[in-house]
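**Student:** sequence and predicted structure below; questions after.
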Amino acid sequence: MAALWIAHVTVTDAEAYGKYAVLAGPAIAEHGGEFLARGGRFVQLEGKERPRNVVAKFPSLEAAVACYNSDAYQAALSHAKDASERELMVVETD
């Protein structure tokens, strides 16, 4: 069953976050992830608004979690941790 990786982000340091973005894309692709949305228009209907929203589709929940825990993604994430406020979840699709 496929899974969606959903991130809601407020970037606080654009330069450092840019380094994250350059490294994160290949790490996500390496685990079968493909971006469905990256920073496009949105309407916040409930909850805390974050100006950047990202959705990537993975072949499975396990593949998405393996991506997150991979050395390549963790190296990318090291640039985002102090450069953003974010929430990230993985949700299985029906």
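**Tutor:** That came through, no problem.

**Student:** what comes up buried for the longest helix anywhere in the chain?
**Tutor:** For the chain, the longest helix by residue count, based on DSSP state H, is helix 14-30. Buried positions in helix 14-30, judged by neighbour count with 16 or more other CB atoms under 10 Å: 16, 17, 19, 20, 21, 23, 24, 27, 28. For the C-beta atoms, the positions are set from N, CA and C on the backbone; glycine is no exception.

**Student:** and the next element down the chain from that helix?
**Tutor:** Toward the C-terminus, helix 14-30 is succeeded by strand 34-38 as the next helix or strand (DSSP states H and E).

**Student:** residue ranges of the helices in the chain, please?
**Tutor:** Listed in chain order, the helices of the chain (DSSP H) span 14-30, 61-69, 71-80.

**Student:** kindly provide the distance from residue 56 to residue 82.
**Tutor:** 23 Å (CB to CB, to the nearest Å).

**Student:** neighbour count winner among these two?
**Tutor:** With neighbours defined as other CB atoms under 10 Å, residue 56 and residue 82 compare such that residue 56 has more, 24 against 10.

**Student:** what bridges to the more buried one?
**Tutor:** Counting by DSSP bridges, residue 56 is bridged to residue 5, residue 35.

**Student:** redo the helices of the chain as CSV? Include distance to residue 3 and mean pLDDT.
**Tutor:** What follows is the helices of the chain, written out as CSV (distance: least, CB to CB, whole Å; pLDDT from 0 to 100):
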stretch, distance to residue 3, mean pLDDT
helix 14-30, 12, 96
helix 61-69, 4, 98
helix 71-80, 15, 97
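
**Student:** out of these, nearest to residue 5?
**Tutor:** helix 61-69 (4.9 Å; CB to CB).

**Student:** the closest one packs against which elements?
**Tutor:** strand 3-11, helix 14-30, strand 52-58, strand 84-92 (3 or more CB pairs under 8 Å, 6 or more residues apart in numbering; DSSP states H and E).
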